[in-house]
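Peer 1: 3D model of this:
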Amino acid sequence: MNLIVPDWPAPARVNSLMTTRAGGVSQIPWRSFNLGGHVGDDPAHVEANRARLRQQLPAEPGWLRQVHSARVVELGREPNPEADAALTREPGQVCAVLTADCLPVLFCDRAGHVVAAAHAGWRGLAGSVLEATVAAMQVAPGDILAWMGAAIGPQAFEVGEDVREAFVARHPEAAAAFLPHPAAAAGKWLADIYQLARIRLNHIGVHAVYGGGRCTFNESDSFFSYRRDGVTGRMASLIWLA
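Peer 2: Coordinates of the predicted model:
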């Protein structure tokens, strides 16, 4: 399997990675390292892929039932939680989120005492899932590091006026993250989800933000993309304490 190891100055006891679509057993259209059990893939293939991933981890990830919410859970507090972010202070527990265009964000504190993972599609981002995750970590925002995994890039993320208004109403400077779509009707915009995430994190005092720059839509050999393919797999972004 091909893995992305985040390039960020996390403490030595913080481990993190993001999977790509390569190196698994799933067949077209989920080819090949699909980790999502809810997208129509053969369950046996998903389990085989998760077993391969498990070899890189200290424990089975704390998989979430993601619903584009701002709910954050602490791993171990409830089984099979419906949430879009998870955190832990316990060594060996693995926070994980699944994505295929939405933005995965990993968090840790500079002391290496707490880690978290958040799933931020535009609804979750506008609904403050990142702010809720930082608050749940109970660490001064200036002591938090964030890493943004691969998401749909600003050349491909087409949105409507309602999405733009949802962000600009909260933070007027978010207008800079939207450009008029050059090939679509009026009212269609190209959005930079990375810039939108940075704006929201900066507003709450998280300034050590890393990653970004990849595009799940355009990098078809490396990433699944729901907007590009419709029926497709999911990548995982994971973080844990040694």
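Peer 1: Every contact and neighbour count from this point should use C-alpha atoms.
Peer 2: Will do.
Peer 1: Neighbours of the residue nearest to residue 150 when sequence neighbours are not counted, how many?
Peer 2: Nearest non-adjacent residue to residue 150, counting by Cα to Cα, 6 or more residues apart in numbering: residue 214, 5.1 Å away. By other Cα atoms under 10 Å, the residues close to residue 214 number 18.
Peer 1: Ramachandran coordinates for residue 214?
Peer 2: phi -90, psi 160 (degrees, to the nearest 10).
Peer 1: Any figure for the gap between it and residue 14?
Peer 2: According to Cα to Cα, to the nearest Å, residue 214 and residue 14 sit 23 Å apart.
Peer 1: Is the residue most central in space within the chain within a helix or a strand, and which one?
Peer 2: Nearest to the geometric centre of the chain sits residue 104, at 1.0 Å (Cα atoms, centre = their mean). Per DSSP states H and E, residue 104 falls inside strand 103-109.
Peer 1: For that strand, C-alpha coordinates in CSV please.
Peer 2: Presented in CSV, the C-alpha positions along strand 103-109 are these (Å, rounded to 0.1, in the frame of the first residue of the first chain):
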residue,chain,number,x,y,z
LEU,A,103,-10.9,17.6,4.0
PRO,A,104,-9.3,15.4,6.7
VAL,A,105,-7.6,17.4,9.4
LEU,A,106,-5.3,15.8,12.0
PHE,A,107,-4.5,17.6,15.3
CYS,A,108,-2.0,17.3,18.1
ASP,A,109,-0.7,19.5,20.9
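Peer 1: Listing partners with orientation, what would you give for it?
Peer 2: strand 115-120 (antiparallel), strand 144-148 (antiparallel) (DSSP bridges).
Peer 1: can you redo these as a markdown table with mean neighbour count and distance to residue 6?
Peer 2: Converted to a markdown table, the strands paired with strand 103-109 look like this (neighbours: other Cα atoms under 10 Å; distance: least, Cα to Cα, whole Å):
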| stretch | mean neighbour count | distance to residue 6 |
| --- | --- | --- |
| strand 115-120 | 30 | 13 |
| strand 144-148 | 23 | 7 |
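Peer 1: Save those as TSV, and put in distance to residue 127 too.
Peer 2: Output for the strands paired with strand 103-109, formatted as TSV (distance: least, Cα to Cα, whole Å):
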stretch	distance to residue 127
strand 115-120	9
strand 144-148	18
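Peer 1: could you dump those strands to TSV with distance to residue 237 and mean pLDDT?
Peer 2: Output for those, formatted as TSV (distance: least, Cα to Cα, whole Å; pLDDT from 0 to 100):
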stretch	distance to residue 237	mean pLDDT
strand 115-120	7	98
strand 144-148	10	98
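Peer 1: Please report the distance of residue 178 from residue 190.
Peer 2: In terms of Cα to Cα, residue 178 sits 6 Å off from residue 190.
Peer 1: out of those two, which sits in the more crowded spot?
Peer 2: Neighbours were counted for residue 178 and for residue 190 using other Cα under 10 Å; residue 178 has more, 24 against 21.
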